[in-house]
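*Asks:* here is my input; please provide its structure:
(one chain, ligands or ions: 2)
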Amino acid sequence: MKTPLYSNQIPVSLGNRSYEILIQPNILTQIGRVLQDIGLSGRVGIVTNPVVNELYGRVVHRSLKQAGFSPFLVVIPDGEQAKSVHWLSKILDALVTQRFERQDVVLALGGGVVGDVAGFAASVYLRGVPFVQVPTTLVAQVDSSVGGKTGVNHPIGKNLIGAFYQPCVVVIDPQALQTLPKREWVAGLAEVIKYGMIADSQFFEYLERHVEGLRAQAEEVIPTVIRRCCEIKAEVVGGDERESGRRRILNYGHTVGHALETWGHYKTWIHGEAVGIGMVQEAEIARFLGMCDKELVERQRDLIQDVGLPIAMPSMKFMDLWGAMQHDKKVVKGQINCVVPKRIGDVQVVPLVRQHIRQWFATSQVSRAKRLKPVPQALTRPRPHKKK
Ligand SMILES: NC(=O)c1ccc[n+]([C@@H]2O[C@H](COP(=O)([O-])OP(=O)(O)OC[C@H]3O[C@@H](n4cnc5c(N)ncnc54)[C@H](O)[C@@H]3O)[C@@H](O)[C@H]2O)c1
Ligand SMILES: [Zn+2]
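*Replies:* Ligands and ions are numbered 1, 2, ... in the order given. As a prediction, this is how the structure comes out:
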C-alpha cells in the first residue's frame, strides 16, 4: 500500500499490520481519496448511528462515491446497547445481503461504540476484511480508534467478546468534534490527562497551562491534544500489541473507574467521568501505599477538577467497590493488578492487597467526611420573618 502525505501523520508500527493515523481538519470531505491512496477499492459498508449519520453520513458517502467506491450505510442504534452480539449480527446480515467480498471495506464512522462493534464485525466477516476507523468523539480520536481492540459486551460484563484487529488507516477530523455534546468532550479529557500521567510530564504541564482552552474546547488546543495522545498510544501499542506488558499502563484510572461504572449500572457516569474519578482514587491509593507524593495527588486532582470532571467517590460500601473491582477483565487468578503513579509521566503496575485497600478506603471515607464540613446549625435553622 502507498503511504500518502497528510498534514499530521502518525505511524503505528506493527510489522505487516502497520498503519497510519491521519489528522487533518475537514479530512472527512476527502475520505474517498484517502482510501484510494492506500489501495482500497470496491464496496464500503459505512457503519454508523443515527446521530452521526445525520451530521456526517452524507459528506462521507459523497466523497466515497466521487472516488469510485460503492458505499452503503449500516445504521445501528446510538448508545452502549449497540455494542452487543445482536447488533454485531445485524451488521453481518447487512454485509451478507450486500454480497460483501474479501477486498471490500468496513468503515466505522462514529464514537467508540461504533468503532468497537464495526471493527469486530470486520474481523470475523470472511475471517477479516479491510477496516477503516473514522472516529468522531474525543474518546475515539485519542483512544479507542487506535490499537485494534474491537468487541462487544456480554450482559454480565463489558467487552467480554472481541478480537485484536487493526484498522488499515485511522482518519481523524478534529472539526467533527465541534458538534460533540459538552459532556462527551469533557469526559474525553479524562483519557487525555491519563496520557500525561502515564507517559509525558511535559504534556501534563501543557494541559495544566491550557485549562481554560480545554474547558472551552478551544481550537488552538485541539490539534496538540489529539496529536500527542495518538503519538503516545501508537508508541505504547507498537511495543505491546496484545497487552502482555507495557500496554497495561493504558488502564490507569480504569480499575476503580470500571468498578464505578458497573456499580452505577452505566447510568451514573459516562466512561471518561468514571476514569477521572478512578485516576484521583488510584493516585490516592498510591499515596497511601507510599508510592507517590502528595504533590502529585493534588496536581492531578486539581487538573481533573478544573477541566470540569467529577472527582468525588460516591458514598458506597467497601465490599461493593472491591467486589466490582474483582470483575475487571484484567484480574488474574483473583489478583487485582492496578496501575498507580510514581511520578507525573511515570506509572507502575502493582497487585492490590485487600487489607491495604480496605484501610485506605476507611481512611479516605473519614477524610472525606471531614472535608465535607457540617453546615453550622445557625445557618440551617429557618430565619424568623422580619416584620415589615
Ligand atoms: N477499543 C478501545 O481500545 C476502546 C478504548 C476506549 C473506549 N472504548 C469503548 O468506547 C466506547 C465509548 O466511546 P465514546 O465515548 O466515543 O462513546 P459513544 O460512541 O457512545 O459516543 C458518545 C455519544 O456521542 C455521539 N457522537 C459521536 N460523535 C459525535 C459528533 N461528532 N457530534 C455529536 N455527537 C457525536 C454518539 O452518538 C453518542 O451519543 C465504550 O464502549 C468503550 O468501552 C474502546
Ligand atoms: Zn478508557
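*Asks:* what about residue 357, distance to ligand 1?
*Replies:* Separation of residue 357 from ligand 1 (CB to the nearest ligand atom, to the nearest Å) stands at 24 Å. Every C-beta, even on glycine, is put in place using the N, C-alpha and C of the backbone.
*Asks:* let me redo that: residue 166
*Replies:* On the measure of CB to the nearest ligand atom, residue 166 and ligand 1 end up 11 Å apart.
*Asks:* check residue 236 too.
*Replies:* 11 Å.
*Asks:* and what of residue 39?
*Replies:* 25 Å.
*Asks:* contacts only, for the residue most central in space within the chain.
*Replies:* Centroid-nearest residue in the chain, with CA atoms, centre = their mean: residue 139, separated by 4.0 Å. When contacts are counted by CB atoms under 8 Å, 6 or more residues apart in numbering, residue 139 touches 111-112, 184, 187-188, 191, 271-272.
*Asks:* which ones among those map onto helices?
*Replies:* 112, 184, 187-188, 191, 271-272 (DSSP state H).
*Asks:* let me know the closest of those residues to residue 210.
*Replies:* In terms of CB to CB, no member of the ones in helices among the contacts of residue 139 lies closer to residue 210 than residue 188, at 14.9 Å.
*Asks:* count the residues that sit near the residue lying closest to the closest one once chain neighbours are set aside.
*Replies:* Excluding the flanking residues, the one nearest residue 188 by CB to CB, 6 or more residues apart in numbering is residue 138, at 2.7 Å. Neighbours of residue 138 under the rule other CB atoms under 10 Å: 28.
*Asks:* residue 138 and residue 185 touch, don't they?
*Replies:* Yes: at 5.6 Å, residue 138 counts as touching residue 185 under the criterion of CB atoms under 8 Å.
*Asks:* from residue 322, how far out is the spatially closest residue to residue 321 that is not a sequence neighbour?
*Replies:* Nearest non-adjacent residue to residue 321, counting by CB to CB, 6+ apart: residue 259, 5.8 Å away. Distance of residue 259 to residue 322, computed by CB to CB, to the nearest Å: 8 Å.
*Asks:* helix/strand/coil for residue 146?
*Replies:* Here residue 146 is recorded as coil under DSSP: H, G, I helix; E, B strand; the rest coil.
*Asks:* tell me the contacts of whatever residue of the stretch 151-300 of the chain ends up closest to ligand 1?
*Replies:* Residue of the stretch 151-300 of the chain nearest ligand 1, by CB to the nearest ligand atom: residue 179 (3.6 Å). Taking CB under 8 Å, 6+ apart as the criterion, residue 179 is in contact with residue 55.
*Asks:* just want the phi and psi numbers for residue 149.
*Replies:* For residue 149, the backbone dihedrals (degrees, to the nearest 10) come out as phi -80, psi 120.
*Asks:* on that earlier part again, mutual contacts of residue 138 and residue 185, please.
*Replies:* Contacts common to residue 138 and residue 185, judged by CB under 8 Å, 6+ apart, are residue 177.
*Asks:* just give me the neighbour total for residue 335.
*Replies:* For residue 335, using other CB under 10 Å, the count is 11.
*Asks:* what about it, distance to ligand 1?
*Replies:* Distance from residue 335 to ligand 1, by CB to the nearest ligand atom: 23 Å.
*Asks:* I'd say that residue and residue 351 touch.
*Replies:* Yes: Residue 335 is within contact range of residue 351, at 5.3 Å (criterion: CB under 8 Å).
*Asks:* and ligand 1, is stretch 241-251 touching that?
*Replies:* No: Stretch 241-251 stays clear of ligand 1 (CB under 6 Å from any ligand atom), getting no nearer than 8.0 Å.
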